[in-house]
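Student: need a 3D model of the following:
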Amino acid sequence: MAEKKYKKIVLAYSGGLDTSVLIPWLKETYGCEVIAVSGDVGQGTELDGLEEKALKTGASKLYIEDLKKEFVEEYIIPTVKAGAAYENYLLGTSFARPLIAKRIVEIAKKEGADAICHGCTGKGNDQVRFELAIKAFAPQMDVIAPWRFWELNSREKEIAYAEAHNIPLKITKETNYSKDKNLWHLSHEGLDLEDPANEAPVNKPGFLELGVSPEQAPDQPAYVTIHFEKGVPTSVNGEAMDCETVIQTLNKLGGENGCGLLDVVENRLVGMKSRGVYETPGGTILYKAHEKLEEITLDKETQHYKQQLALKFAELVYNGQWYTPLRKAMSAFVDSTQETVTGDVKLKLYKGNIIPASVTSPYSLYSSEMATFDEDDCYEQGDSAGFISLFGLPIKVRAMNDEALAEKTGTHFPSVEKRISYGKDLGSTVWKRNRQHCQ
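Tutor: Okay, here's the model as predicted:
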């Protein structure tokens, strides 16, 4: 029995294994009222029957909050515009957790709860994402994380507990993958995936849920055209739609063609490596299309700097630091870069491949006249000689320095110590050579 007592606990509830056993466990352990909260971020049929299940297992009530619009507009799209990917992972779970946690805090305050509970494992990233968001909106709120101390310290024990308490589960010991599904993606972890030596069973019936493997995709390619306005997707194949519908449409099309599968061993925030298989068909298409459009609408310096920023942006999202001044400042920078990211991108989808077909924009910086190999009247090729002379000057000076040092020492690959020892004499020699060359 836990030492501290609570009258009312709000539980982050998905209806999965962890949270299903938590309702009776919390009541047994703390003798408290449990209010369950589920954030609808596009899980679809996973929410079916959730209220009945929560109440039957002991919750006093269940909130199911429709967060899909906010999820897409305020979390997914800003991350797409940033081009942020963590070790090729498109952050599907990462940016959903802060939003869900924020809403849970709002309900906990409304209900006058003493604590918030989540079912995240002590080995994972989600515990950090939930708790950093809770700290941002309720810094004094107690957080209960049973995986850090309870006796049900394996999924097998949780299943046994559920069976003993007549808690219905949709999984068995043999199908007990740890999964997370939302509008953006579906993740798979655990079981045979825990050994990177095992090939992911993507061709096994029932494993993939958002699409098919590349081997099972059609033999004919599919084409899709996406229109962006200031970095935001606004239509697919000429049909205007909101961003949520864009993602759903591309999920279907990408899934049918085996696109968006990622099998990766990633570096978790807590220090270990873990293996996951991700299905992100629509998201992968959007990233490819957006990146292609930026190729012709961003200048070189902005494009390259933004690519550097994307890595840090991804780390912040992955690490649960969405509600930080730096992430907000980065999003402001990203938004400023998207003013000209408007246009159409056509892609060919073929057996898991996403192949650029065409890209156009009224703000395109690409000039066929400038880039042509044929005769033109807008680029003076002779100017390149002076450019190369100045651009290569440091290389030239270094080579002359090496030649002078070799004459002094008889060594073609001088050590740092010899460079220092002969530096004074060499400085005079190189200066004289440079002077002679300039004359």
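Student: just the pLDDT for the residue lying closest to residue 291 once chain neighbours are set aside.
Tutor: Of all residues not flanking residue 291 in the chain, residue 83 sits nearest, at 6.2 Å (Cβ to Cβ, 6 or more residues apart in numbering). To be clear about C-beta, it is placed using only N, CA and C from the backbone, and glycine gets the same treatment. Note for residue 83: predicted pLDDT of 98.
Student: same check on the one 10 residues further on?
Tutor: Residue-level confidence at residue 93 comes out at 97, pLDDT.
Student: and it, backbone torsions?
Tutor: Per-residue torsions, residue 93: phi -80, psi -40 (degrees, to the nearest 10).
Student: how is the closest residue to it other than its chain neighbours assigned, secondary-structure-wise?
Tutor: Spatial nearest neighbour of residue 93, excluding adjacent residues (Cβ to Cβ, 6+ apart): residue 180 at 4.8 Å. When classified by DSSP: H, G, I helix; E, B strand; the rest coil, residue 180 comes out as strand.
Student: show me the contacts for residue 60.
Tutor: 33, 34, 35 (Cβ atoms under 8 Å, 6 or more residues apart in numbering).
Student: inside strands: which ones of the residues you listed?
Tutor: 33, 34, 35 (DSSP state E).
Student: closest to residue 163 among these?
Tutor: residue 34 (20.3 Å; Cβ to Cβ).
Student: what's around residue 241, how many residues?
Tutor: 15 (other Cβ atoms under 10 Å).
Student: avg pLDDT for stretch 347-355?
Tutor: 98.
Student: run the chain-centre distance for that stretch.
Tutor: How far stretch 347-355 lies from its chain's middle: 21 Å, per Cα atoms, centre = their mean, to the nearest Å.
Student: buried stuff in it?
Tutor: 347, 349, 350, 351, 352, 354 (16 or more other Cβ atoms under 10 Å).
Student: going along the chain, name the strands of the protein.
Tutor: According to DSSP E, the strands that the chain contains are 8-12, 33-40, 61-66, 115-117, 142-144, 178-181, 186-189, 222-229, 232-236, 239-240, 261-267, 273-279, 343-350, 353-360.
Student: which one of those strands has the poorest average confidence?
Tutor: Going by mean pLDDT, the lowest-scoring of those is strand 178-181, which has a mean of 91.
Student: could you list the low-pLDDT ranges of the stretch 301-439 of the chain?
Tutor: Applying pLDDT under 70 to the stretch 301-439 of the chain flags residues 412-439.
Student: against residue 385, how distant is the residue nearest to the spatial centre of the chain?
Tutor: Central residue of the chain (Cα atoms, centre = their mean): residue 91, 2.5 Å from the mean position. Relative to residue 385, residue 91 is positioned 47 Å away (Cβ to Cβ, to the nearest Å).
Student: which residues touch stretch 152-169?
Tutor: Under Cβ under 8 Å, 6+ apart, the answer for stretch 152-169 is 17-18, 20-21, 24-25, 53, 57, 146-147, 151, 171-173, 176, 178, 190.
Student: on that earlier part again, drop anything exposed from the ones in strands among the contacts of residue 60.
Tutor: Applying 16+ other Cβ under 10 Å to the ones in strands among the contacts of residue 60 flags 33, 34, 35 as buried.
Student: that older thread, the contacts of stretch 152-169 in helices, which ones?
Tutor: 17, 18, 20, 21, 24, 25, 53 (DSSP state H).
Student: what's the neighbour count on the spatially closest residue to the last one that is not a sequence neighbour?
Tutor: Right, the one you point to is residue 53. Distance criterion Cβ to Cβ, 6+ apart; nearest residue to residue 53, sequence neighbours excluded, is residue 15 at 5.9 Å. Residues within reach of residue 15, counting by other Cβ under 10 Å, total 23.
Student: what residues does stretch 182-202 touch?
Tutor: By Cβ under 8 Å, 6+ apart, stretch 182-202 touches 41-43, 68, 71-72, 76, 90, 92-93, 96, 155, 176-181, 207-210, 213, 244, 247-248, 261, 263, 265, 274-280, 282-283.
Student: try 6 Å
Tutor: Stretch 182-202 has contacts (Cβ atoms under 6 Å, 6 or more residues apart in numbering) with 41-42, 68, 76, 92-93, 96, 177-180, 207-210, 213, 247, 263, 265, 275-280, 283.
Student: what ranges does the stretch 51-200 of the chain have for its helices?
Tutor: 68-71, 77-82, 96-111, 126-137, 155-164 (DSSP state H, counting those that start in this stretch).
Student: most tightly surrounded among those?
Tutor: helix 77-82 (a mean of 24; mean count of other Cβ atoms under 10 Å).
Student: determine how far it lies from the middle of the whole chain.
Tutor: 10 Å.
Student: ok, now stretch 379-396?
Tutor: Worked out by Cα atoms, centre = their mean, stretch 379-396 lies 41 Å from the chain centre.
Student: quick one: buried residues of it?
Tutor: Within stretch 379-396, judged by 16+ other Cβ under 10 Å, no residue is buried.
Student: between the ones in helices among the contacts of stretch 152-169, which is nearest residue 405?
Tutor: Closest to residue 405, out of all of the ones in helices among the contacts of stretch 152-169 and judged by Cβ to Cβ, is residue 18, at 66.6 Å.
Student: can you pull the pLDDT of the closest one?
Tutor: So residue 18 comes in at 86 (pLDDT).
Student: hmm, it is touching residue 120, no?
Tutor: No: the criterion here is Cβ atoms under 6 Å, and residue 18 misses it with residue 120 at 7.8 Å.
Student: follow-up on the earlier one: and the buried ones among the ones in strands among the contacts of residue 60 as a markdown table, adding distance to residue 62?
Tutor: Output for these, formatted as a markdown table (distance: Cβ to Cβ, whole Å):
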| residue | distance to residue 62 |
| --- | --- |
| 33 | 13 |
| 34 | 10 |
| 35 | 8 |
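Student: before we move on, the earlier item: measure the residue nearest to residue 93 to residue 42 for me?
Tutor: For residue 180, the distance to residue 42 - Cβ to Cβ - is 11 Å.
Student: just residue 122 next, same as before
Tutor: 27 Å.
Student: same check, this time on residue 401
Tutor: 62 Å.
Student: of the two, which one has the most company?
Tutor: A direct count of neighbours by other Cβ under 10 Å for residue 401 and residue 42 places residue 42 higher, at 23 against 18.
Student: without its sequence neighbours, what residue ends up closest to that one?
Tutor: That would be residue 183: by Cβ to Cβ, 6+ apart, it lies 2.6 Å from residue 42.
Student: state the distance from the one you found to residue 69.
Tutor: Residue 183 is 10 Å from residue 69, by Cβ to Cβ.
Student: how far does stretch 291-305 stretch from start to finish?
Tutor: 14 Å (Cα to Cα, to the nearest Å).
Student: okay, buried residues for it please.
Tutor: 291, 292, 293, 294, 296, 297, 298, 303.
Student: before we move on, what about stretch 189-198?
Tutor: Those would be 189, 191, 193, for stretch 189-198 by 16+ other Cβ under 10 Å.
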